[in-house]
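> my questions concern the predicted model and sequence given below.
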Protein chains: 2
Amino acid sequence: MSKLSVSGGSKPRPTMKHVAALAGVGIKTVSRVMNDEAGVSQATKEKVLLAAKQLNYELDVTAGSLRRTSRRTNTVGLLLPSVSNPFSAEIHRAMEDALIKKGVAVFAASLDDEPEREEAMVRAFLGRRVDGMVLTPIATNQAHIIPDHSRELPVVFIDREPVGLQADAVVADNAVGAAKAAKHLFDGGHRKIAYLGDRTDIQTARERRRGFNEALSELGVVTSALPVRENLHDVESARLAAIEILTSQDPPTALFSSQNLVTFGCMRALRELGLNHKVALVGFDDFALSDMVDPGVTVIAQHPEKIGALAAERLMARIEGDSQPPQTYVVETTMIIRGSGEIPPPTN
Amino acid sequence: MSKLSVSGGSKPRPTMKHVAALAGVGIKTVSRVMNDEAGVSQATKEKVLLAAKQLNYELDVTAGSLRRTSRRTNTVGLLLPSVSNPFSAEIHRAMEDALIKKGVAVFAASLDDEPEREEAMVRAFLGRRVDGMVLTPIATNQAHIIPDHSRELPVVFIDREPVGLQADAVVADNAVGAAKAAKHLFDGGHRKIAYLGDRTDIQTARERRRGFNEALSELGVVTSALPVRENLHDVESARLAAIEILTSQDPPTALFSSQNLVTFGCMRALRELGLNHKVALVGFDDFALSDMVDPGVTVIAQHPEKIGALAAERLMARIEGDSQPPQTYVVETTMIIRGSGEIPPPTN
DNA sequence: TTGAAAGCGCTAACAA
DNA sequence: TTGTTAGCGCTTTCAA
């Protein structure tokens, strides 16, 4: 069995009472020692520590938080589009690295862009008494997902800014990054650049589109004449959209894709049509092996490790009492040149 | 502030007492309703539900588990090499999907192959009273990481089998998969096949090596004469090892890499040396864009989504009292042919 | 420096 | 069907 001990033979899990009895001290003394409180003599402390070790005692964090004034459980919740999305996974990892030092554990959950799931998971976290939450908002308005009585609960939003709620947020410079991409393609001689974007109800996607449009407008391009396909949310829909655009009359000489999966779809479409060395491509979001495909894909890289670390830092500050006005922190993007974005337009 | 309400204005978080008072019933009745226990009249139930909704009441799972006989917290722990590794992330995702239906939350943590961290995280989970754990073992012996008194705690191991502990495990057919790869290369005409492997203290890595060797021996290849490089744990070390092997006198005509990152290193080495269309490559583990590189990479695919789902199922069965003897469940691997594994040896 | 008693939010046991 | 009391493991308060 996975339960190792044979029936009946197992000792109950030790409590402070057991440790206190073995050490010959009061229970409160054990509590002081286990929580590193001052006011315990060295000798007593050692006795208690020894007893605890002998019994293999483990402090019950949740029971303690019940009576503790601060109610802290040293646990935080993390809500992501999907834990298996590489971008999200990097953020998760960065938060973990930042929080483990403080003895804080991270609960992560996937939302799959389902607003009901968002609310349900927030409730699940609240019911487990997390000290705070980091979340990627999905619902168009976040005011209702945090119950009134939990408004004291520190929350930091990532990737997208919250709506209907004042709170810290850590986001990438989406508009700026998209503008960089647009300008890069323009500077390379492209005038007809297609935009392939994610769902328009996602703020991030809208920002990227705005940055793209504004940059080209400023450069004198009539953006209303450019091919635009939005609401692409996976590889396949992006691939089909790209094929349609590329096989239309008067096709674009370059593509800009606003997101990882959309970039993958564009790459597949270009490859299928034999255009991967003829039509330029710049994607938002870096990805593994982006330099190993043919040609290497020029991207606007976000820095999930920075976003995660900053979110963790802000969340801990809030949990520890920081009460400055909420702020949005912007993490810069970087353009990485690899070849696909430097393909010139045809010269005829 | 992220704490929305202005100083002092916020109501305390409601408890069962508040709900009971508002509904005009006893606290135990509220408990019954919130836990869907039988024995409450429809009318009373509705009153309570209404009051709970008005107060935005959320059951405190952790406080409840304190007194509950089963002590369940509806929370499980998941220990992975790294939450940001795509293989791990898929497992995490699959477990989440399987458990969310049962109202069970998943805590995930990264271990980074540090045995001390493994033990620390197990303790962190125990201290938060998880109902069970799924873990990828790192330490060479797991007997000590689960304290005696917690032997009742259901544990399911994934990816690697435990040592010094009897427990359920869910693993890939590592030896069989590696054997498939070896035979595939042999059938393609290769006789000198290099093996590039992960750390030999990882059981999985040893199994793959064993399968590889046994398959070739059976086919009459003198495996002791083959180039072998082990203890490769990241892209860079694998790349250097591959370069060394490929530039040696009498280099191999094919490579087998035992893991994702090692495969990436091999791909880079082959590309750098201009050998990507000349030397065959089969990798263990599938990865994104494996078909978009040149040539597409033939792999032995594991199925993390199956491993995660099965681990979740076994863990829940144990938590719910299943006490059959512990068992190791093997999830089959699949060979996916994409080109790199089908390059023939030079014909001179 | 130490410990006894009360109580955190909840469920078990039992009584009404 | 409903409510009362005790107590889960811990921290707080306060007295010794």
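Nice, I can see it.
> every contact and neighbour count from this point should use C-alpha atoms.
OK.
> can you show me the helices along chain A?
A:16-23, A:27-34, A:42-55, A:61-67, A:86-100, A:115-127, A:174-187, A:203-218, A:235-246, A:260-272, A:304-319 (DSSP state H).
> and for A:Lys306, the neighbour number?
Neighbour count of A:Lys306, defined by other CA atoms under 10 Å in any protein chain shown: 18.
> ok now do A:Thr263, which residues does it touch?
Neighbouring residues of A:Thr263 by CA atoms under 8 Å, 6 or more residues apart in numbering or on different chains: A:235, A:238, A:257, A:283-284.
> so which of those wins on neighbours?
The residue in the contacts of A:Thr263 with the most neighbours, by other CA under 10 Å, is A:Ser257 (32 neighbours).
> and that one, how far from A:Arg199?
12 Å (CA to CA, to the nearest Å).
> tell me the spacing between A:Leu185 and B:Gln302.
According to CA to CA, A:Leu185 stands 40 Å off from B:Gln302.
> more neighbours: those two, which one.
A direct count of neighbours by other CA under 10 Å for A:Leu185 and B:Gln302 places A:Leu185 higher, at 27 against 23.
> wait, that one sits on A:Gly341?
Yes. The criterion here is CA atoms under 8 Å, and A:Leu185 meets it with A:Gly341 at 6.7 Å.
> so for these two, which residues contact both of them?
A:Ala280.
> what distance do you get for the nearest residue to A:Phe186 once chain neighbours are set aside to A:Ala225?
Sequence neighbours aside, A:Leu216 is the residue nearest to A:Phe186 in space, at 7.7 Å (criterion: CA to CA, 6 or more residues apart in numbering or on different chains). In this structure, A:Leu216 and A:Ala225 are 11 Å apart, going by CA to CA.
> do the same with A:Ile158
33 Å.
> these two: who's more crowded?
Neighbour count, other CA under 10 Å: between A:Ile158 and A:Ala225, A:Ile158 has more, with 26 against 10.
> ok, now which ones touch that one?
Shown in contact with A:Ile158 (CA under 8 Å, 6+ apart): A:134-137, A:169-171, A:307, A:311.
> residues in a beta bridge with it, which ones?
Beta bridges link A:Ile158 to A:Val170, judged by DSSP bridges.
> show me the domain layout of chain A.
According to automatic domain parsing, chain A comprises the domains A:1-57, A:174-302+A:334-342.
> chain center to the last one, what's the gap?
When you say that, I think you mean domain A:174-302+A:334-342. 22 Å (CA atoms, centre = their mean, to the nearest Å).
> model confidence over that domain, on average?
The average pLDDT within domain A:174-302+A:334-342 is 96.
> can you get me the start-to-end distance on that domain?
21 Å.
> check stretch A:60-72 too.
End-to-end distance for stretch A:60-72, by CA to CA: 12 Å.
> same question for stretch A:317-331.
Length of stretch A:317-331, first residue to last, CA to CA: 18 Å.
> for that stretch, buried residues please.
A:318-319, A:326, A:328-329, A:331 (16 or more other CA atoms under 10 Å in any protein chain shown).
> which two in the residues you listed are spaced the farthest apart?
Largest separation among the buried residues of stretch A:317-331 by CA to CA: A:Ile319 and A:Val331, giving 22.0 Å.
> burial measure for the spatially closest residue to A:Ala105 that is not a sequence neighbour, as a count.
Nearest non-adjacent residue to A:Ala105, counting by CA to CA, 6+ apart: A:Thr75, 4.7 Å away. Close neighbours of A:Thr75, defined as other CA under 10 Å, add up to 22.
> noted, bye for now.
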